[in-house]
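Task: produce atomic coordinates for the following.
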Amino acid sequence: MMSSSVVPLKILRILMIEDLACCTLLPDGLCQLPYLEFIQIHRAPSIKRVGPEFLQSNHHQSLPPSHVVVAFPKVHQMYLMWMVEWDEWEWVEAVQAFPVLRELAIVHCKLASLPAGLSSQARALNKLQIHYVQGLTYVASFASLVRLEVGALPDLERITNLARLQILIIADCPKLKVLEGVPALQTLSLDNEDMETLPEFMGGINPRCLDLYCSLALLYSIAAGQSGPEWDKFGHVERVKAYAREGDIVKKWYVLYTANPYNLETNISRSFMSAGTLSSFEDAQRFEYVFKMTRKTFDYICSLVLGPSMEDMDSYTFIDGRVLCLEDRVAVALIRLYSSGPSDSLGSSVGVSKSTVLLVAEKFADAVHERACHHVRWPDSSEMDHIKSTFGKIHNLHNCCGVIRTTHIPFGPNSNHGENGRILMQAVIDPKMRIMNLWLHSTDRNTQLSSLQESPLFKECGKGSCLNGSKMKVASDGSEVGEYLIGDAGYPLLPWLLTPYQEENLSDPKVEFNRRHFAATTCARKALAMLQEKWKCLREDVWWPENLQTRYKMITACCRLHNIVIDMEDDAGMPSAKAKDWNYHQQVRQVANEDAVRARDMLSEYFFTSRSSESEVSPVDADEDHEVAASGAGDEDREQEAQTGTADEVANDIQEIIV
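As a prediction, this is how the structure comes out:
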C-alpha cells in the first residue's frame, strides 16, 4: 500500500485551506491540479500579494505562450476570505486561467483593483461577491456576470459595463456614484440605513424591481409618490419594495409600489404625507418665515420623530374635531418652543386648545429625546481632527477641541422651586456653533462650581479617557501639549481645560494667548445666545412644565434641533444614528502627570513665536473672519427677529394662512 505522504494530488477535487498564519505566498503548484473544482482559502493574514506564480508554476513561466497549459481548468468555485493584508493581485490578460470559473467570492482584504486577467479570461464567471474590501474603487467589464453582490466597500465609486448583469445587490457603499452599462438589470437591491436620498444613477437605469432598505426620511419622501422629490428616480421602476428600520424590526415601516397598474401602499399614515393644516405652505419663503427652517429640514424632523410617542393620530385634534396629522403636531410643537407667549393664546391662534398645545409639545420633546440623541454627541476621532483643524485655521488655536460654556435656564413663573431655582446648562461648542456635549443640572448659583465638577465630561476628561488624541509639539526640546478645551475664567485651570491669564502686566506671549482665547470663546457665547434667542421657551418669562425631567427634555430637544438646523441647512452630512464610543481612542491619557500651568505657558510661547510664520490665517484675519461669520449669524437673527416680531404677530400670520 502506498503511504499517504506520497499519494499523488492530481485527482484532488476540493481544496480548503485555513489559518495560514505565517504563509506569505499562495502555493504555486495548485494550478497544476487538473481535476480541482473548488478552492477555499480562509484566514491568510500574512499574504499581501498574489503574483503570477499562482497561475503559472516556475516550469510553465519558462514556456512560450503557445505551450502553456490553461491554469485551473476545472475550478468552478473559489472563495478567498480573510486575507486581510492582501492588496495586489497580478494577473495579466494574456495568462489563461479559470476558464470555467462560475462563482468567486472575495471577503475581507485590501485589494485595490481586480486584475485584468480575471475579466478577460474567466469568461464563465456569472456570480461575483465582494465584501469588506478597502481600497476597491470600481467593478467593470465582466461580460458574463449575471449576479453581483458588493457590501461594505467604503471606497467603491463605479460599477460599469456589465452587459448581462441581472441581479445587483449593494450594501453600505456610500461613495458609489456611477452605475451604468447594465441594460439587462432585473433586480436592484440597495441597503444603507443612513441613505436619505436615492442615488442620482437611478434616473439612468431601468431595473424591473427595486428592493430598498433606507432611512425613514427617505422612505417618507418615497411614500409621497408623484408629489415627492424622489419620484423621478423610482417612478419608472415596475416594482419597488422600500423599508425603514425601527429598533430591531428591519421592516417596521414600508412602501410598496407598482407602476402598472399604479398602486402605492404604506403603513406611514396618509395624514403624515398629506399637507397638514399648519404646514401646507407652497411659498417656501413664508414657510421659513414661520418655522425658521427649510421645508427639507422640517420634513426630516417629522421623519425623525415618527415613532411610538408620536404615532397616535386620534389623540390630538383641532377645536372643530379635525385630527392633527404628524406635520400639524410637529408644527404646533415648534411654535410652542419658538414662542414666549402663553399657551392659551398660541392655541387659539392655530385652532387648538391650550391643553393640546402643552401635550403636543411634551410628546414632541419626548420623541426628540428618544430618537435624536445622535445629534448631540461627542465627535469620533476623524470628526475631532476636523474640529481641531478648523479651530487652527479660524483662530490659530491649534489642537483645541472645543469651547466649554455655562448658562442658566430659569424655571419660569410657574415654578414652585423658589427664587434661586434654575437649571445649569453646560455645553461644549464646536467652531460651527454646534453643541457637541450637553449636561443639565438643577442647582443655584452657590453650588455652580461644585456641580460642574460632577458632570460626566469633567469625570471622563479627568480620568484621561477623553481628549486623548494626538499631542502637538510646542517646543524644540520635544515638549508636547495634549488636546484641550478652553473656558472662561470661571472654570478651573486643568491640563485639558485652559482658561485665560488673569494677572496684570501680562507678557506679550500671554497677551497673544488671551487674544486668541477670547476670539474662540466668542463662538460659544454667540452660539448659546442664538439658542436662547431662537428657542424662546428657554427664557425666564415663559411657561415651563412642572416636572423637572420634562424640562430637561424640552431643553435637550431645543439643543438637538439647533444642531439639526445647522447640519441640514449647511448641507453637512447628517450624523449617523449608530452609537458612538465615548472613548474614541483606545489609549488612556495620563492627565495626572501633566502640569496645566506649564501647558498654558508653553502654548502661549508657541503661539507668539509662530505668529509671523502661520500661513493659514493671520491672527488679525482670523478675528475678522470669525467676527464676520459670528456677527453675520447675529445680524441674521436680529433681522429674523425684526421680521418675526412678537409671538402674537406670528400667531396672526398662521391664523391668516389657515383662513
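
Where does the closest residue to Tyr243 other than its chain neighbours sit, in terms of helix or strand?
Ranked by C-beta to C-beta, 6 or more residues apart in numbering and with sequence neighbours excluded, the top spatial neighbour of Tyr243 is Lys251, at 4.4 Å. Yep, even glycine has a C-beta here, placed from its N, CA and C like the rest. Secondary structure from DSSP states H and E places Lys251 in strand 249-258.

Show me which residues of that strand are buried.
Neighbour-count burial for strand 249-258, counted by 16 or more other C-beta atoms under 10 Å, picks out 253-255, 257.

Pick the one among those closest to Ile222.
Closest approach between these and Ile222, by C-beta to C-beta: Val255, at 5.0 Å.

Surely that closest one and Ala242 touch.
Yes. Using C-beta atoms under 8 Å, Val255 makes contact with Ala242 at a distance of 4.5 Å.

any common contacting residues for these two?
Common contacts of Val255 and Ala242, defined by C-beta atoms under 8 Å, 6 or more residues apart in numbering, comprise 219, 222.

Ends of stretch 478-495, what's the gap?
Stretch 478-495 has its terminal residues 18 Å apart, counting by C-alpha to C-alpha, to the nearest Å.

What residues of stretch 35-46 count as buried?
Within stretch 35-46, the residues scored as buried using 16+ other C-beta under 10 Å are 36-39, 41-42, 44-45.

and if you look at stretch 510-523?
Across stretch 510-523, burial judged by 16+ other C-beta under 10 Å covers 510, 512-517, 519-523.

Which ones among the residues you listed lie within helices?
The helices, defined by DSSP state H, take in 510, 512-517, 519-523 from the buried residues of stretch 510-523.

Let me know the closest of these to Leu176.
Cys523 (36.1 Å).

distance of the closest one from Phe234?
Note on Cys523: its distance to Phe234, by C-beta to C-beta, to the nearest Å, is 42 Å.

ok so, going back, what lines up beside the strand holding Lys251 in the sheet?
Neighbouring strands of strand 249-258 in its sheet, by DSSP bridges, are strand 239-246 (antiparallel), strand 263-266 (antiparallel).

What mean pLDDT does it get?
Mean pLDDT, computed over strand 249-258, is 92.

Can you name the residues bridging to Arg405?
Ala427.

who's in contact with it?
Arg405 makes contact with 426-429, 487-488, 521, 524-525, 527-528, according to C-beta under 8 Å, 6+ apart.

Dump those to JSON lines, plus distance to Gly464.
Converted to JSON lines, these look like this (distance: C-beta to C-beta, whole Å):
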{"residue": "Gln426", "distance to Gly464": "20"}
{"residue": "Ala427", "distance to Gly464": "22"}
{"residue": "Val428", "distance to Gly464": "17"}
{"residue": "Ile429", "distance to Gly464": "23"}
{"residue": "Gly487", "distance to Gly464": "19"}
{"residue": "Asp488", "distance to Gly464": "24"}
{"residue": "Thr521", "distance to Gly464": "24"}
{"residue": "Ala524", "distance to Gly464": "24"}
{"residue": "Arg525", "distance to Gly464": "29"}
{"residue": "Ala527", "distance to Gly464": "27"}
{"residue": "Leu528", "distance to Gly464": "28"}
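
Export those residues as JSON lines, with columns for distance to Pro154 and pLDDT.
As requested, the contacts of Arg405 are exported to JSON lines (distance: C-beta to C-beta, whole Å; pLDDT from 0 to 100):
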{"residue": "Gln426", "distance to Pro154": "36", "pLDDT": "92"}
{"residue": "Ala427", "distance to Pro154": "32", "pLDDT": "94"}
{"residue": "Val428", "distance to Pro154": "29", "pLDDT": "96"}
{"residue": "Ile429", "distance to Pro154": "30", "pLDDT": "96"}
{"residue": "Gly487", "distance to Pro154": "37", "pLDDT": "93"}
{"residue": "Asp488", "distance to Pro154": "41", "pLDDT": "90"}
{"residue": "Thr521", "distance to Pro154": "37", "pLDDT": "92"}
{"residue": "Ala524", "distance to Pro154": "34", "pLDDT": "90"}
{"residue": "Arg525", "distance to Pro154": "38", "pLDDT": "92"}
{"residue": "Ala527", "distance to Pro154": "32", "pLDDT": "92"}
{"residue": "Leu528", "distance to Pro154": "36", "pLDDT": "92"}
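
Which one of those is nearest to Trp82?
Taking C-beta to C-beta as the measure, Trp82 lies nearest Val428 of those, at 40.1 Å.

Excluding sequence neighbours, find me the nearest residue to Met433.
Ala527 (3.8 Å).

oh sorry, the question was meant for Pro229
Per C-beta to C-beta, 6+ apart, closest to Pro229 is Ser221, 5.4 Å.

Return the backbone torsion pair for that neighbour.
The phi and psi values for Ser221, taken as degrees, to the nearest 10, are phi -70, psi -40.

just checking, it touches Asp299?
Yes. Judged on C-beta under 8 Å, Ser221 makes contact with Asp299 at a distance of 7.4 Å.

neighbour count winner among these two?
Neighbours per residue (other C-beta atoms under 10 Å) separate Ser221 from Asp299, with Ser221 holding more: 27 against 21.

Low-confidence bits of this protein, can you list those?
Scanning the chain with the threshold set as pLDDT under 70 gives 1-8, 57-68, 269-283, 308-314, 411-421, 443-451, 540-543, 570-587, 612-659.

burial measure for Arg422, as a count.
For Arg422, the count of nearby residues is 22 (other C-beta under 10 Å).

show me what contacts the closest residue to it other than its chain neighbours?
Sequence neighbours aside, His408 is the residue nearest to Arg422 in space, at 4.6 Å (criterion: C-beta to C-beta, 6+ apart). Counting by C-beta under 8 Å, 6+ apart, His408 touches 422-425.

Give the phi and psi angles for His408, as a check.
Note on His408: backbone dihedrals following degrees, to the nearest 10 are phi -120, psi 140.

Report the separation between it and Ile423.
Taking C-beta to C-beta, one finds His408 at 7 Å from Ile423.

Check which helix or strand the closest residue to Leu548 other than its chain neighbours maps to.
Leaving aside its chain neighbours, Leu548 sits nearest to Ser442 (6.1 Å; criterion: C-beta to C-beta, 6+ apart). For Ser442, the host element (DSSP H and E) is strand 435-443.

roughly how far is that strand from the heart of the chain?
Here strand 435-443 is found 23 Å from its chain centre; the criterion is C-alpha atoms, centre = their mean, to the nearest Å.

mind listing what's buried in that strand?
For strand 435-443, a neighbour-count test (16+ other C-beta under 10 Å) marks 435-443 as buried.

check contacts around Ala524.
By C-beta under 8 Å, 6+ apart, the contact list for Ala524 reads 403-405, 427, 429.

Of the residues you listed, just say which sits nearest to Tyr316.
Using C-beta to C-beta, the contacts of Ala524 come closest to Tyr316 at Ala427, 31.9 Å.

Pull the contacting residues for the closest one.
By C-beta under 8 Å, 6+ apart, the neighbours of Ala427 are 404-407, 435, 437-439, 524, 527-528, 559.

Looking at the residues you listed, which is nearest Gln56?
Within these, proximity to Gln56 (C-beta to C-beta) peaks at Asn437, which comes in at 59.3 Å.

Pull the contacting residues for that closest one.
By C-beta under 8 Å, 6+ apart, Asn437 lies in contact with 376-378, 402, 426-428, 457.

Of the residues you listed, which is the most crowded?
The most crowded member of these, judged by other C-beta under 10 Å, is Gly402 (29 neighbours).

ok, and for the helix or strand harbouring it, which residues are buried?
Using DSSP H and E, Gly402 falls within strand 400-410. Buried residues in strand 400-410, counting neighbours by 16+ other C-beta under 10 Å, are found at 400-407, 409-410.

Tell me the gap between it and the middle of its chain.
With C-alpha atoms, centre = their mean as the basis, strand 400-410 stands 24 Å off its chain's centre.

Can you list phi and psi of the closest residue to Phe518 other than its chain neighbours for me?
Using C-beta to C-beta, 6+ apart and skipping the chain neighbours, the partner closest in space to Phe518 is Pro500 (7.0 Å). When read as degrees, to the nearest 10, the backbone of Pro500 gives phi -70, psi 160.
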